[in-house]
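Novice: Dropping a prediction and its sequence here:
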Amino acid sequence: MAADSLDSLFEVLRREPDVEAPNLQAWDATDRLLLDTAAARIRPGSSVTVIGDRYGALTLGALAVLEPSAVRVHQDLITGERALQRNARRWQAARNTDDGGSRREPAFRQLPLGPELLTDADAVLLQLPKTLAELDETAAAIARHAAPDALLLAGGRVKHMSLGMNSILERHFASVRPQLARQKSRVIEATGPQAAAETSTFPAVVHLSDINLDVAAHGAVFAGPKLDIGTRYLLTFLPRMKPARHAVDLGCGTGILAAMYARQFPQSRVTATDQSAAAAASALATARANGLEGRISVLQDDALSTMADAGADLVLLNPPFHVGAGVHAGAGLKLIEAAGRVLAPGGELWTVYNRHLQYLPSLERAVGPTGVAGNNPKFTVTRSVRRAA
């Protein structure tokens, strides 16, 4: 194992365009353990698929130490896709500086979860996801499309792993063998893919009778096909919102806010956007399930980076307060700043957030005058009006 190759790679990795902070880094002990295990178990010349790589450590590490014939990668978050591309360029520059040569940029293909990603894959490296539903959708896709003798190496932090993960893997693979833990991380080795169905059971579609809406959810989307309590509270303020020429559901998840707003204001054009591919696909499926596909457009993007300034009249926001597994306000602040940029003067931002978060100064600074529209024991809802330029 070329430990020095991984050390030199990890030194150049960054999280950008995702949130960066002194307590956040672009790789963890699970990345290293997965790559160490893969180096001992995967033959040179194998076709390797990487799923759940956060910032490029697994993809670039596989290219550095496994001698694969090909590397295909799926990352749910567009920030992860962009971070991998940037880190590939950084790594190339670092290696060219070290040896004075002219190396080519590392070769990998970024693909959606599905046949093109997985067909005939000899080995799959998987960072275990946060939810069992996401693992179920991912494991089923691997079993359905990978080579019959494919090896799955699934790794995670021990504190986030559960016996339920083993049970899901056992549903899709003939042999599931947890390995010894190292540095609070563990790898599960699975072989013998069992393709039980030709088509996916995702997205799951559930009718929410209290709001009379069919909600579609892929495995990786926040809250699944449920109405999370923050969104539920923000919906109670819908009658107080204004009809907009263009409204944006920022961080849309399954698209519940976009769908309910589109119903309330049928003359408004609505964009549902999220950094997650699973969320974007779920929001589109939700719109279709409710006959709203002609009214709602869906965009996978990083904090509205491709949307023009001052192009929206209203933004709905239920921001996250986690970055990965850690509590961090940076993701929410990034979305607030994005909302301020895309709102036209006089446009409104309606935000729901956990009461302990101190977002009011940021809302005032990034958007404009902000008032508290309501409080309950868990959440605050605010209305911010975009000041004139």
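Specialist: That came through, no problem.

Novice: Flag the shaky bits of the stretch 1-150 of the chain, pLDDT-wise.
Specialist: Residues of the stretch 1-150 of the chain meeting the criterion pLDDT under 70: 1-4, 98-105.

Novice: Tell me which stretches of the stretch 51-200 of the chain form helices.
Specialist: 57-65, 78-99, 115-118, 132-145, 163-172 (DSSP state H, counting those that start in this stretch).

Novice: Take those and lay them out in CSV including mean neighbour count and distance to residue 153.
Specialist: In this view, the C-beta of every residue, glycine as well, is placed from N, C-alpha and C. Formatted as CSV, these follow (neighbours: other CB atoms under 10 Å; distance: least, CB to CB, whole Å):
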stretch, mean neighbour count, distance to residue 153
helix 57-65, 25, 10
helix 78-99, 18, 19
helix 115-118, 18, 14
helix 132-145, 22, 11
helix 163-172, 17, 11
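
Novice: Turn these into TSV, columns for distance to residue 12.
Specialist: Shown next, in TSV, are these (distance: least, CB to CB, whole Å):
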stretch	distance to residue 12
helix 57-65	9
helix 78-99	5
helix 115-118	26
helix 132-145	28
helix 163-172	31
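
Novice: Mind checking those helices for the one nearest to residue 154?
Specialist: Closest to residue 154 of the helices of the stretch 51-200 of the chain, according to CB to CB: helix 163-172, at 7.0 Å.

Novice: Show me what that closest one is packed against.
Specialist: helix 132-145, strand 151-157, strand 173-178, strand 185-193 (3 or more CB pairs under 8 Å, 6 or more residues apart in numbering; DSSP states H and E).

Novice: try 7 Å
Specialist: Under the contact definition 3 or more CB pairs under 7 Å, 6 or more residues apart in numbering; DSSP states H and E, helix 163-172 sits against helix 132-145, strand 173-178, strand 185-193.

Novice: residues making contact with the second one?
Specialist: Under the contact criterion CB atoms under 7 Å, 6 or more residues apart in numbering, strand 173-178 has outside partners 143, 152, 166, 169-170, 186, 188-194.

Novice: Show me which of those residues is closest to residue 54.
Specialist: The closest of the contacts of strand 173-178, once distances to residue 54 are taken by CB to CB, is residue 186, at 17.4 Å.

Novice: Bridged to that closest one, which residues?
Specialist: residue 156 (DSSP bridges).

Novice: list the contacts for it?
Specialist: 155-156, 158, 161, 178-179.

Novice: domains of this protein?
Specialist: Annotated domains of the chain cover 3-193, 204-385 [automatic domain parsing].

Novice: from the middle of its chain, how far away would the last one be?
Specialist: The one in question is domain 204-385. In terms of CA atoms, centre = their mean, to the nearest Å, the centre of domain 204-385 is found 16 Å from the chain centre.

Novice: From here on, call the first residue 45.
Specialist: New numbering, starting at 45: the last item is domain 248-429.

Novice: quick revisit: which of the helices and strands packed on helix 207-216 sits closest to residue 65?
Specialist: Closest to residue 65 of the helices and strands packed on helix 207-216 is strand 229-237 (CB to CB; 21.6 Å).
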